[in-house]
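Novice: need a 3D model of the following:
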Amino acid sequence: MRKVMKKIGVIGGGASGLCAAIEAARAAREKGGDIAVFLLERNARVGKKLLLTGNGRCNLTNTHLYAKAYNTPRAMAVIRSMEADTRAFFAGFGIPTCADGEGRVYPHSMQASCVVNALRGEAECLGVQMHTETRVRSIRRSGSGFLLNEGDFFHSVILACGGSAYPATGSDGDGMRLLERLGIPCAPPIPALTGLIIADRDFKSLKGVRAKAEVTALIGGRAAACERGEVQFTEYGVSGIAVMQLSRAISRALSGEKRPPVQLILDLAPDMDGEAVARFLQTLCRTHPKMPAADLPAGIVPRALGFYLLKRCAVPIGANTCGAVTAEKAAEIAAQIKALRLEVTGVRGFEQAQITAGGADLRAFDERLMARRMPGLFACGEVLDVDGMCGGYNLEWAFSSGRLCGKSAVHFLTEDRA
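Specialist: Next up, the predicted model:
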């Protein structure tokens, strides 16, 4: 008797969805070819959001993967379950990779477009049937499978719709809404890896300034996290990798009902102690009394940032000279350099956030990322409540969780039902 062709539907053609479709098609081929894989993407082309990652260079993963880079240890359990790591996976269809000094891994071409083209090409070679401009608005259990949009039947479904970050690319929370309608609990989505809004009108003068700093987040008066790296000053507040790493915890704190006070403490001279900074400024005032006061901190911080600090210390920067700056005032300027305190009033929204924190509760899914109470339904990527640090960790999660779901779906339709 001829076997009935079984169908796997992958909803979403982003990083996790493309990987899920590829691994499902590979596993189906190994099992004899009686499984067809369909990828359903709402946009006109797959991989739209992937093109934006890593500033267009596509930061695929990181050479230093570890559990604390994620909000849950289950992320690393999924990543470690892959027989071939992400770099080997991409090398297998023509994307060699390279790593920078921070462990960030990129395609050797440094172009996200080559990654999207390679994923799409591999899926096509494996016979994945890709349907673009196809939006899934409903999923319903029907017999031994699922009915999508009350019309298309699939024996297994993989949700890879993304979260809520960059909604213009199609990630607008659809996946979470679909899962909630199926009875799967979801933590409210909040923007993460994003800029922070500062309550200071004078910040507009700092737009475009960049500085190295050690940044500490105070949440409710307590130090919650600390990062060192480049800080970018903007008209609304601060951004940059160090700030975005902290934004994950700050976004969660500000999304709660209590909304504790949040501050950032910026050490703008992390390699100098406070006394050394004060002595340097005091000596400069003594030895160069005719030097413009505006140039006093210019050797330590960018000039525009120095103007801002002097203004906070009520030091006129017009015709004033260093000779007019007292030792006490120089110490006050040093204190601002070592501990610039900023009041955080909010985070940038999903339009600017790199990722979504929140999503479907992982406890509702087993180790294969299959819904415990709905066999045959899988979820991967940003639709799940997993988020990681900057540096390739979130794409690593998308790729690995998608690959696991693809393999798991085929296993479910074969071994589980044999």
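Novice: what sits closest to Gly94 if chain neighbours are left out?
Specialist: Excluding the flanking residues, the one nearest Gly94 by CB to CB, 6 or more residues apart in numbering is Ala118, at 5.6 Å. (C-beta placed from N, C-alpha, C; glycine too.)
Novice: no, scratch that, I was asking about Lys207
Specialist: Take Lys207 and drop its neighbours on the chain: the residue closest to it by CB to CB, 6+ apart is Glu235, 4.6 Å away.
Novice: how about the helices in the stretch 201-350 of the chain?
Specialist: Using DSSP state H, counting those that start in this stretch, the helices of the stretch 201-350 of the chain run over 241-255, 274-287, 303-312, 327-338.
Novice: helices and strands around the last one, which ones?
Specialist: This means helix 327-338. Other elements packing on helix 327-338 under the criterion 3 or more CB pairs under 8 Å, 6 or more residues apart in numbering; DSSP states H and E are helix 274-287, helix 303-312.
Novice: what about 6 Å?
Specialist: Helix 327-338 sits against helix 274-287, with contacts defined as 3 or more CB pairs under 6 Å, 6 or more residues apart in numbering; DSSP states H and E.
Novice: packing partners of the helix it packs on?
Specialist: In terms of contacts (3+ CB pairs under 6 Å, 6+ apart), helix 274-287 is packed against helix 327-338.
Novice: any buried residues in the helix it packs on, and which?
Specialist: For helix 327-338, a neighbour-count test (16 or more other CB atoms under 10 Å) marks 329-338 as buried.
Novice: swap in stretch 177-187?
Specialist: Residues 178-179, 182, 184, 186 are the ones in stretch 177-187 that count as buried (16+ other CB under 10 Å).
Novice: any idea which of the buried residues of helix 327-338 is closest to Ala112?
Specialist: Proximity of the buried residues of helix 327-338 to Ala112 was ranked by CB to CB; the top entry is Ile337 with 38.0 Å.
Novice: mind listing what the closest one touches?
Specialist: 268-269, 277, 300 (CB atoms under 6 Å, 6 or more residues apart in numbering).
Novice: now swap in Leu268 and tell me
Specialist: The contact partners of Leu268, taken as CB under 6 Å, 6+ apart, are 211, 213, 301, 337.
Novice: residues making contact with the strand ranked longest in the chain?
Specialist: As assigned by DSSP state E, the longest strand anywhere in the chain is strand 222-233. Residues from elsewhere that reach strand 222-233 (CB under 6 Å, 6+ apart): 206, 209-217, 238-243, 245-246, 249.
Novice: can we see that at 8 Å?
Specialist: 203, 206-218, 238-243, 245-246, 249-250, 253, 266, 270, 305 (CB atoms under 8 Å, 6 or more residues apart in numbering).
Novice: may I see the buried residues of it?
Specialist: Residues 224, 227-229, 231-233 are the ones in strand 222-233 that count as buried (16+ other CB under 10 Å).
Novice: what does stretch 354-371 give?
Specialist: Burial within stretch 354-371, assessed by neighbour count using 16+ other CB under 10 Å, is assigned to 354-360, 362, 364-365, 368-371.
Novice: next one: stretch 137-145
Specialist: By neighbour count with 16+ other CB under 10 Å, stretch 137-145 contains the buried residues 139, 145.
Novice: try stretch 405-418
Specialist: Within stretch 405-418, the residues scored as buried using 16+ other CB under 10 Å are 405-414.
Novice: on that earlier part again, now the contacts of Ile337 in JSON lines, with distance to Arg141?
Specialist: As requested, these are arranged in JSON lines below (distance: CB to CB, whole Å):
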{"residue": "Leu268", "distance to Arg141": "57"}
{"residue": "Ala269", "distance to Arg141": "60"}
{"residue": "Val277", "distance to Arg141": "65"}
{"residue": "Ile300", "distance to Arg141": "64"}
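Novice: a markdown table for these, including pLDDT and distance to Tyr70?
Specialist: A markdown table is the format used below for those (pLDDT from 0 to 100; distance: CB to CB, whole Å):
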| residue | pLDDT | distance to Tyr70 |
| --- | --- | --- |
| Leu268 | 97 | 30 |
| Ala269 | 97 | 32 |
| Val277 | 97 | 36 |
| Ile300 | 96 | 36 |
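Novice: can you name the residues bridging to the residue sitting nearest the centre point of the chain?
Specialist: Closest to where the C-alpha atoms of the chain average out (CA atoms, centre = their mean) is Ile355, at 3.9 Å. Counting by DSSP bridges, Ile355 forms beta bridges with Ala192.
Novice: what residues are up against it?
Specialist: Neighbour list for Ile355: 163, 165, 192-193, 382, 387-388, 394 [criterion: CB under 8 Å, 6+ apart].
Novice: that one and Pro167, how far apart?
Specialist: According to CB to CB, to the nearest Å, Ile355 and Pro167 sit 13 Å apart.
Novice: for stretch 96-114, buried residues please.
Specialist: 97, 99, 104-107, 111-112, 114.
Novice: need the residues you listed in CSV with secondary structure and distance to Gly346, can you?
Specialist: Supplementary listing: the buried residues of stretch 96-114 in CSV, determined by DSSP: H, G, I helix; E, B strand; the rest coil; distance: CB to CB, whole Å:
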residue, secondary structure, distance to Gly346
Thr97, strand, 37
Ala99, strand, 35
Arg104, strand, 28
Val105, strand, 32
Tyr106, strand, 32
Pro107, strand, 35
Gln111, coil, 34
Ala112, helix, 29
Cys114, helix, 37
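Novice: what's the closest of the residues you listed to Asp172?
Specialist: Distances from Asp172 to the buried residues of stretch 96-114, taken by CB to CB, are shortest for Ala112, at 21.1 Å.
Novice: any idea how far Glu235 is from the closest one?
Specialist: Here Ala112 is placed at a distance of 28 Å from Glu235 (CB to CB).
Novice: much appreciated, bye for now.
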